[in-house]
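Q: Got a sequence here, can you model it:
(one chain, ligands or ions: 2)
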Amino acid sequence: MIKEDTIFALSSGGGGASIGSGATAVAVIRISGPGAFDALKELLSPYPLHQNANDNAKIPKLPKPRMASLRTLYDPLSNTAPNDQSSTRNDASSTTQQRDPLDSALVLTFPNPNSFTGEDIVEIHCHGSRAVVMGILDALSTITITSTTTDDDDTNIVQHKLRPADPGEFTQRAYANGKLGLVEVEALSDLIVADTSLQRKQALRQFDGRLSRLYEGWRTDLIKGLAHAEAVIDFGDDEALDDDHDESYPSTENDGGMSIWGTIAPRISSLRKDMERHLADASRGELLRDGLRIAIVGRPNAGKSSLLNLLAGRDAAIVSSSPGTTRDVVEVLLDLGGARCTLLDTAGVREEEEEGVNEIEIEGMKRARVAARDAHFIVGVVDATDYRRGLDAVNELIQQEEGVKNAGNIMYVLNKLDLVEEKDKEECIRALQDTAKFGISCTTSEGVDDFLSYLTQQALSRVSGSGKDEFSVEGTEGAVITRARHRRHVEAAANALQRFEVLSGQGYMALDMAAEELRLAASELGRITGAIDVEDVLDVLFADFCIGK
Ligand SMILES: Nc1nc2c(ncn2[C@@H]2O[C@H](COP(=O)(O)OP(=O)(O)OP(=O)(O)O)[C@@H](O)[C@H]2O)c(=O)[nH]1
Ligand SMILES: [Mg+2]
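A: Ligands and ions are numbered 1, 2, ... in the order given. Take a look at the predicted model:
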């Protein structure tokens, strides 16, 4: 199927469903497949091409490969009179019946195999209006390509229509043609949806192949170990050891069982340590990719929604002086120094018995607790004019939610400082008794900048490990785990190697079993890079892509 179909799609802007929404100056339409160049010729021809098939002069010339050329595109639908195909038609006159122009556009060709998909690709950079984009897409869907294929001296004429691409189909073809590895496909999907500069950097780091190289390097080492084991099984340990003696590893003395593994055992053990270091990254890559959740909690009227609006720079949540205003969780996306964060405003928490609390507010409080439980950071907002009750409410909520007890994840914000007399400020700030505490006023913005820079630094240190814009996982050249899928396989590989270490100490008896663990570890790593059966992963992955990618 992939070999015969020629596909097309709008590859820029909103893509697919929202074609032309929000007019852009330029839109990019891509065509990929064996009929891509013929389809372009049809669009460039002011007359139906089949009428001029034998007249080379009338067949439009394609631009040189990879060179942009400004051309007029014609609408094949504009000259399709009912008798167009009839044999009684006068060809000479019909060639003078010119098609309507569709647009004036830049066109580029990328002949296979030097293209993104590895197939012939055409790119049309047209004007971005809905009328132009739809006109070209409609035109493409009517074009029929005639191609001749020869096999065993038989010449077959195949006719097929271009068809709209499925989501992720361009990338799928690039993968099928060996243009991208699985990890790079995942990186590309991250790059396309990156919201912040750090997410972009991480995706690019993965896209340049360093993560694949790391895993493939480990896998190669394991396969070497496996080859050694096979040799020992077949020929006994003397010959095997002679075969792959590695000067860089000290040879183990005769130590019972270990010696049959020679230099392999220490090599595997250092590999396992590398894997464990790679795993012990506090999920930074995944957090950066998926984003951090920051929940704002506190008593009603403390100023939670005011703080959210201030940080978001817009009136995202309703602010009012009546307690119990916020019920649903309100989410705002923030870019904190390159870390993607979702800020959550929640309903104020108070005793259900308090006056004025109704069932809707109780449901709101329930949602606030869930938001707090799932958050990476909690910002407890306390009204400075009633700080004891405010502090109690925040602390009670934190005590109840198991997951958030880690003190480093909690920040206290004493709000409405403008209402407190200068002489009392010190006292209420001291009452907070926590290292991460900030006195602010949402009305005057006093103290908000300090709080924001602390929050940013905390967020950054969770995703990059240093609070700075860098990745620093030792020994892995900045290659960090970005997906739970990768983590699962690396963990499984490291576990297999741990079992190997035990089995390899038991000599010949456990040779087969130890070798099996190496095989398992290698295949776990192979599943990350796509070297080993990954059909199930592909379906899920490509479904995530949008049309035109
Ligand atoms: N003077 C002063 N008033 C503030 C400050 N921050 C918020 N307010 C006021 O306090 C009231 C409550 O603010 P909200 O932001 O709605 O409080 P909330 O914590 O979201 O309240 P609920 O949604 O009911 O839980 C509003 O009238 C705000 O204008 C501040 O720093 N100083
Ligand atoms: Mg509110």
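Q: Assign a three-state SS to the closest residue to residue 362 other than its chain neighbours, would you?
A: Once flanking residues are discounted, residue 362 sits nearest to residue 352: 5.8 Å by Cβ to Cβ, 6 or more residues apart in numbering. The C-beta positions use only the backbone N, C-alpha and C, and glycine is treated the same way. Here residue 352 is coil, with the state taken from DSSP: H, G, I helix; E, B strand; the rest coil.
Q: just use 52 as the starting number from now, easier for me
A: From this message on, residue numbering opens at 52, which makes the last subject residue 403.
Q: For residue 403, the count of nearby residues, please.
A: Counted with other Cβ atoms under 10 Å, residues neighbouring residue 403 total 11.
Q: Look up how far ligand 2 lies from it.
A: 18 Å (Cβ to the ion, to the nearest Å).
Q: For that residue, give me the pLDDT.
A: On pLDDT, residue 403 comes in at 85.
Q: Likewise for residue 508?
A: 93.
Q: Any residue of the helix or strand harbouring it touching ligand 1?
A: Secondary structure from DSSP states H and E places residue 508 in helix 499-515. No: using Cβ under 6 Å from any ligand atom, helix 499-515 stays clear of ligand 1, with a minimum separation of 9.3 Å.
Q: buried set for that helix?
A: 499, 502, 503, 506, 507, 509, 510, 511, 512, 513, 514, 515 (16 or more other Cβ atoms under 10 Å).
Q: Isn't residue 369 up against residue 379?
A: No: contact criterion Cβ atoms under 8 Å: residue 369 and residue 379 do not qualify, at 10.4 Å.
Q: thinking again about what came up before, going by distance to residue 337, which of the buried residues of helix 499-515 wins?
A: When the buried residues of helix 499-515 are compared for distance to residue 337 (Cβ to Cβ), residue 514 wins out at 9.3 Å.
Q: bridging residues for residue 202?
A: residue 205 (DSSP bridges).
Q: pLDDT on stretch 463-479, on average?
A: For stretch 463-479, the mean confidence score works out to 89.
Q: got it, and stretch 371-385?
A: 93.
Q: For that stretch, measure first residue to last.
A: Using Cα to Cα, to the nearest Å, the end-to-end distance of stretch 371-385 comes out at 23 Å.
Q: So which bits of it are buried?
A: 375, 376, 377, 378, 380, 381, 383, 385.
Q: Just the residues you listed: which are in helices?
A: Counting by DSSP state H, no part of these is found in helices.
Q: taking these one by one, which sit in strands?
A: Among the buried residues of stretch 371-385, DSSP state E puts 381, 383, 385 in strands.
Q: Quickly name whichever of these is closest to ligand 1.
A: residue 381 (9.3 Å; Cβ to the nearest ligand atom).
Q: Name whatever forms a beta bridge with the closest one.
A: Bridge pairing for residue 381 - DSSP bridges - gives residue 396.
Q: Tell me if residue 77 really is in a helix.
A: No: counting by three-state DSSP, residue 77 is not part of a helix but strand.
Q: Output the below-cut-off pLDDT ranges for the stretch 102-251 of the chain.
A: For the stretch 102-251 of the chain, the stretches with pLDDT under 70 are 102-105, 130-148, 203.
Q: Return the nearest residue of it with respect to ligand 2.
A: residue 246 (25.1 Å; Cβ to the ion).
Q: secondary structure class for the spatially closest residue to residue 378 that is not a sequence neighbour?
A: Distance criterion Cβ to Cβ, 6+ apart; nearest residue to residue 378, sequence neighbours excluded, is residue 415 at 3.9 Å. Classification of residue 415 by three-state DSSP places it in helix.
Q: pLDDT wise, what is residue 415 at?
A: 94.
Q: Can you read off the pLDDT for the residue lying closest to residue 235 once chain neighbours are set aside?
A: Of all residues not flanking residue 235 in the chain, residue 258 sits nearest, at 5.6 Å (Cβ to Cβ, 6+ apart). pLDDT, residue 258: 86.
Q: For residue 258, give its distance to residue 372.
A: Remark: distance between residue 258 and residue 372 (Cβ to Cβ, to the nearest Å) = 51 Å.
Q: Could you grab the helix/strand/coil label for residue 496?
A: coil.
Q: hang on, isn't residue 564 packed against residue 554?
A: Yes: Residue 564 is within contact range of residue 554, at 5.1 Å (criterion: Cβ under 8 Å).
Q: Which of the two has more residues huddled nearby?
A: Comparing residue 564 with residue 554 by neighbour count (other Cβ under 10 Å), the higher total belongs to residue 554, at 21 against 14.
Q: what helix or strand does that one sit in?
A: Here residue 554 is assigned to helix 535-555, by DSSP H and E.
Q: what does residue 156 give?
A: Going by DSSP H and E, residue 156 is in strand 151-161.
Q: For the protein, which residues are neighbours of ligand 2?
A: 355, 356, 376, 377 (Cβ under 5 Å from the ion).
Q: Identify the farthest-apart pair in those.
A: 355 and 376 (9.4 Å).
Q: what about the residue of the stretch 102-251 of the chain closest to ligand 2, helix or strand, and which?
A: Short version: residue 246 belongs to no helix or strand, going by DSSP H and E.
Q: Kindly report the same for residue 209.
A: strand 205-212.
Q: Which residues does that strand contact?
A: Contacting residues not belonging to strand 205-212 are listed as 55-57, 86, 192-201 [Cβ atoms under 8 Å, 6 or more residues apart in numbering].
Q: List the buried residues for the helix or strand containing residue 271?
A: Using DSSP H and E, residue 271 maps to helix 261-286. For helix 261-286, the neighbour count (16+ other Cβ under 10 Å) marks 261-263, 265-267, 269-270, 272-273, 275-280, 282-283 as buried.
Q: The most centrally placed residue in the chain: helix or strand, and which one exactly?
A: For the chain, the residue sitting closest to the mean C-alpha position, by Cα atoms, centre = their mean, is residue 241 at 2.1 Å. If you go by DSSP H and E, residue 241 is part of helix 233-244.
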